[in-house]
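> no letters, just coordinates:
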């Protein structure tokens, strides 16, 4: 029997507030264990939570950016479960009356647009972190993360393939980063995705027994974990066995999912409204102001880069995947108004250097990049030599003209000097000259290469071609 996968994602995003969601403790990453806590986030008796307004603002921005309906009133609830990293014995979250519902996000997969529904977005606090001893059979608890503000973005079960799931998660991350409300760092845990996956006979509308997948801290692992789980479930069904509803972990070392625990249902958590927190009521004018001040989002920028700059879809996708990169592209185009050439350069030499030097965009201004491209365009330096100049710009922050002058990299565009060198090369290679005259025009690359070697890469390649053609026609 043929089956299709039914996948839904629950994405947890840590909000970039300076303090926690219900207290004034800092959210800074990497501090010594249990140094960023207080009676409120530790759940001490008599302590009372107060909602962080900035966390609410960030959550509303994400709701608006994903076409959700923001509720006029939402309520915080207590989600009860017992685990060592949960100091209060419950998590403050939202349940029956979440902040936002009924949104959607369009993603592109293999050239086709797929609309993925968003069930809800709600605010909640994070739990602490368990640290397991490498040798002894003990665990420690770090409560620094307890109370850090999260939003949970729950999709409809509209995703059908691991590729769609990966693209959806990337789209969510891009929006969060563009809004500047989450850094999107999956390795540090500020963006986490859990997946619910089941199989059903192809062409039917029902839902099969689902499993929940956790511990997927990269887009690649999301795709691999779903691929494995779909294969596993398909194999069980083919063998006439039942799927067990459970939570499974992705084990990257073995490239497989492993059982963690039975999957809880909502009633297991005994949700009820938190008596210490008043309902959240959204002012219509405040909501409208946030809507008007949303930045240009990735999908809109992707389309504009094609319309305004005439870029191919692929170029636009690469450039708009990162807001800082998109801004750098536009800044460079203002200095050097040749969008496709700027795009080629950024996706090539620039991004290669960016991998080695993450601070590149702050050390080399787009004005300096534009100047370098202008020098190549007017023939003051060769494209080959410009790569070395750019590397030096990254290292020193110097102006490209200064580097070219100090290192003697100016391109030779003196026709007389190039002709003299070209005559010597032709005289020293009579066989290649004969080949060219016999119609083997590819030998021109050999001649130009010899000239470039002789001039240490400083000869103007276009002029060199013209000089050789002229001299060979005279022979």
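Ah, there it is. Predicted, not measured: the structure shown is a model, and the values here were computed from it.
> how far away from the center of its chain is the host helix or strand of residue 152?
Of the helices and strands defined by DSSP states H and E, residue 152 is found in strand 149-155. In terms of Cα atoms, centre = their mean, to the nearest Å, the centre of strand 149-155 is set 17 Å apart from its chain centre.
> surely residue 92 forms part of a helix?
No - Residue 92: not assigned to a helix; according to DSSP: H, G, I helix; E, B strand; the rest coil it is strand.
> please name the nearest non-neighbouring residue to it.
Counting by Cβ to Cβ, 6 or more residues apart in numbering, residue 92 lies nearest to residue 125, which is 5.0 Å off, once chain neighbours are set aside. (Glycine included, C-beta is placed from N, CA and C.)
> show me the contacts for the one you found.
Listed by Cβ atoms under 8 Å, 6 or more residues apart in numbering, the contact set of residue 125 reads 20-22, 41, 91-93, 146-150.
> quick check, nearest of those to residue 370?
Using Cβ to Cβ, residue 149 comes nearest to residue 370 of the contacts of residue 125, at 39.9 Å.
> let me see the contact set for residue 92.
The contact partners of residue 92, by Cβ under 8 Å, 6+ apart, come to 21-22, 49, 76-79, 124-125, 274, 277.
> give me the beta-bridge partners of it?
residue 78 (DSSP bridges).
> how far away is it from residue 214?
Noted for residue 92: a distance of 21 Å to residue 214, by Cβ to Cβ, to the nearest Å.
> so for residue 371, what's the nearest residue that isn't a sequence neighbour?
residue 400 (5.5 Å).
> wait, that neighbour touches residue 372, no?
Yes - applying Cβ atoms under 8 Å as the test, residue 400 and residue 372 come out as touching, 4.3 Å apart.
> find residues that contact each of those two.
Shared contacts of residue 400 and residue 372 (Cβ under 8 Å, 6+ apart): 389-390, 393.
> so which of these are in helices?
Among the shared contacts of residue 400 and residue 372, the ones falling in helices (DSSP state H) are 389-390, 393.
> okay, who's weakest in these by pLDDT?
Note: of those, the lowest pLDDT belongs to residue 389, at 87.
> OK, contacts around that one?
Per Cβ under 8 Å, 6+ apart, neighbours of residue 389: 372, 381, 400, 403-404, 407, 409.
> same check on residue 248?
211-214, 229, 257-260.
> name the residues that touch the host helix or strand of residue 473?
Taking DSSP H and E as the criterion, residue 473 maps to helix 461-474. Contact partners of helix 461-474, identified using Cβ under 8 Å, 6+ apart, comprise 379, 382-383, 413, 415, 418-419, 422-423, 426, 433, 436-437, 444, 447-448, 451-452.
> one step back: narrow the contacts of residue 92 to just the buried residues.
Buried members of the contacts of residue 92, scored by 16 or more other Cβ atoms under 10 Å, are 21-22, 49, 76-79, 124-125, 274, 277.
> of the contacts of residue 248, which is the most crowded?
residue 213 (26 neighbours; other Cβ atoms under 10 Å).
> quick check: residue 243 is in a strand.
No - going by three-state DSSP, the assignment for residue 243 is coil, not a strand.
> on that earlier part again, what about the helix holding residue 473, average pLDDT?
82.
> buried set for that helix?
461, 463-464, 467-468, 471-472.
> now do stretch 415-431
Under 16+ other Cβ under 10 Å, the buried positions of stretch 415-431 are 418, 421-422, 425-426, 429.
> what of stretch 196-208?
For stretch 196-208, by 16+ other Cβ under 10 Å, it's 196-200, 208.
> picking that back up, can I get the contacts of residue 248 in TSV including distance to residue 185 and pLDDT?
Below are these laid out as TSV (distance: Cβ to Cβ, whole Å; pLDDT from 0 to 100):
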residue	distance to residue 185	pLDDT
211	27	94
212	23	94
213	20	94
214	18	88
229	25	95
257	24	91
258	25	90
259	28	89
260	24	86
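> so which of those residues are in strands?
Per DSSP state E, strands hold the following members of the contacts of residue 248: 211-214, 257-260.
> which of those residues sit farthest apart?
The span of the ones in strands among the contacts of residue 248, defined through Cβ to Cβ, is set by 212 and 258 at 12.9 Å.
> strands along the stretch 151-300 of the chain, start to end?
For the stretch 151-300 of the chain, the strands defined by DSSP state E, counting those that start in this stretch occupy 191-201, 211-216, 246-251, 256-262, 272-273, 280-281.
> and the ones you listed, which one averages the lowest pLDDT?
strand 256-262 (a mean of 85).
> so what secondary structure elements neighbour it?
If contacts are counted by 3 or more Cβ pairs under 8 Å, 6 or more residues apart in numbering; DSSP states H and E, strand 256-262 sits against strand 211-216, helix 219-238, strand 246-251.
> which among the ones in helices among the shared contacts of residue 400 and residue 372 gets closest to residue 234?
Nearest to residue 234 among those is residue 390, at 50.1 Å by Cβ to Cβ.
> pLDDT at residue 408, what is it?
68.
> other SSEs contacting the helix or strand containing residue 431?
For residue 431, the host element (DSSP H and E) is helix 430-437. When contacts are defined as 3+ Cβ pairs under 8 Å, 6+ apart, helix 430-437 packs onto helix 444-454, helix 461-474.
> what lies in contact with that helix?
Under Cβ under 8 Å, 6+ apart, the answer for helix 430-437 is 426, 443-444, 446-447, 472, 475.
> highest neighbour count among those residues?
Result: residue 447 is most packed of the contacts of helix 430-437 (other Cβ under 10 Å), 23 neighbours.
> helix or strand: which one has residue 314?
Per DSSP H and E: helix 313-320 holds residue 314.
> which residues are contacting that helix?
Counting by Cβ under 8 Å, 6+ apart, 298, 301-303, 305-306, 311, 325-326, 329, 340, 343, 346-347 sit against helix 313-320.
> that one: which residues count as buried?
Residues of helix 313-320 classed as buried by neighbour count (16+ other Cβ under 10 Å): 315-316, 318-320.
> and for stretch 24-38?
So, applying 16+ other Cβ under 10 Å, buried residues of stretch 24-38: 25, 27, 36-37.
> give me the contacts around that stretch.
14, 17-20, 23, 40-41, 47, 131, 140, 142-144, 146-149, 188, 190.
> give me the distance from that stretch to the chain's centre.
Centroid displacement of stretch 24-38 relative to its chain, using Cα atoms, centre = their mean, is 26 Å.
> ok, back up a step: how close does the residue nearest to residue 92 get to residue 101?
20 Å.
> where in the stretch 351-475 of the chain is pLDDT low?
Low-confidence segments of the stretch 351-475 of the chain, defined by pLDDT under 70: 408-414.
> dump the buried residues of stretch 24-38 into CSV; add pLDDT, distance to residue 7 and secondary structure as well.
Converted to CSV, the buried residues of stretch 24-38 look like this (pLDDT from 0 to 100; distance: Cβ to Cβ, whole Å; DSSP: H, G, I helix; E, B strand; the rest coil):
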residue, pLDDT, distance to residue 7, secondary structure
25, 98, 36, coil
27, 95, 31, coil
36, 97, 36, coil
37, 97, 37, coil
